[in-house]
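Visitor: Dropping a prediction and its sequence here:
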Amino acid sequence: FTTKPSRPVGDAAVPPARRCMFAVVMPASTGARPCHLFVDREKPVEAILHAAASHGGFAVDKGKLVGSPERLNLFTFPEGEVVR
């Protein structure tokens, strides 16, 4: 992981009470390392995908990383449940 669970990446303007934590694992074919990320829980799921892809230096189109045949995998943290 490029970040620690105690220091996830995210918009500092999001109040702690509205933060939803994720462990983001990019497809192996991208070469991007996983990271811990938080997003505003009041934003749509699409915003989560775009934030995760953006952190990895990628764009998302129809749920897939541009330039990769694989989907981006998101897991809740610390539970480890697959979101997508």
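Guide: Now that the structure is in, tell me what you want to look at.
Visitor: helix/strand/coil for the residue most central in space within the chain?
Guide: Nearest to the mean C-alpha position of the chain, by Cα atoms, centre = their mean, lies residue 52 at 3.2 Å. Assigned by DSSP: H, G, I helix; E, B strand; the rest coil, the conformation of residue 52 is helix.
Visitor: pretty sure it contacts residue 22?
Guide: Yes - the criterion here is Cβ atoms under 8 Å, and residue 52 meets it with residue 22 at 7.0 Å. C-beta here means a position set from N, CA and C on the backbone, and glycine is covered the same way.
Visitor: so where's this protein shaky on pLDDT?
Guide: Along the chain, segments meeting pLDDT under 70 span 63, 67-84.
Visitor: contacting residues around residue 20?
Guide: Taking Cβ atoms under 8 Å, 6 or more residues apart in numbering, we find residue 20 in contact with 38-41, 48, 76.
Visitor: out of those, which are buried?
Guide: Those of these that meet the buried threshold are 38-40, 48, by 16 or more other Cβ atoms under 10 Å.
Visitor: can I get the residues you listed in CSV with secondary structure?
Guide: Supplementary listing: those in CSV, determined by three-state DSSP:
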residue, secondary structure
38, strand
39, strand
40, strand
48, helix
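Visitor: Now render the residues you listed as a markdown table, adding distance to residue 2.
Guide: Formatted as a markdown table, the buried ones among the contacts of residue 20 follow (distance: Cβ to Cβ, whole Å):
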| residue | distance to residue 2 |
| --- | --- |
| 38 | 14 |
| 39 | 17 |
| 40 | 21 |
| 48 | 18 |
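Visitor: check which helix or strand covers residue 43.
Guide: Counting by DSSP states H and E, no helix or strand carries residue 43.
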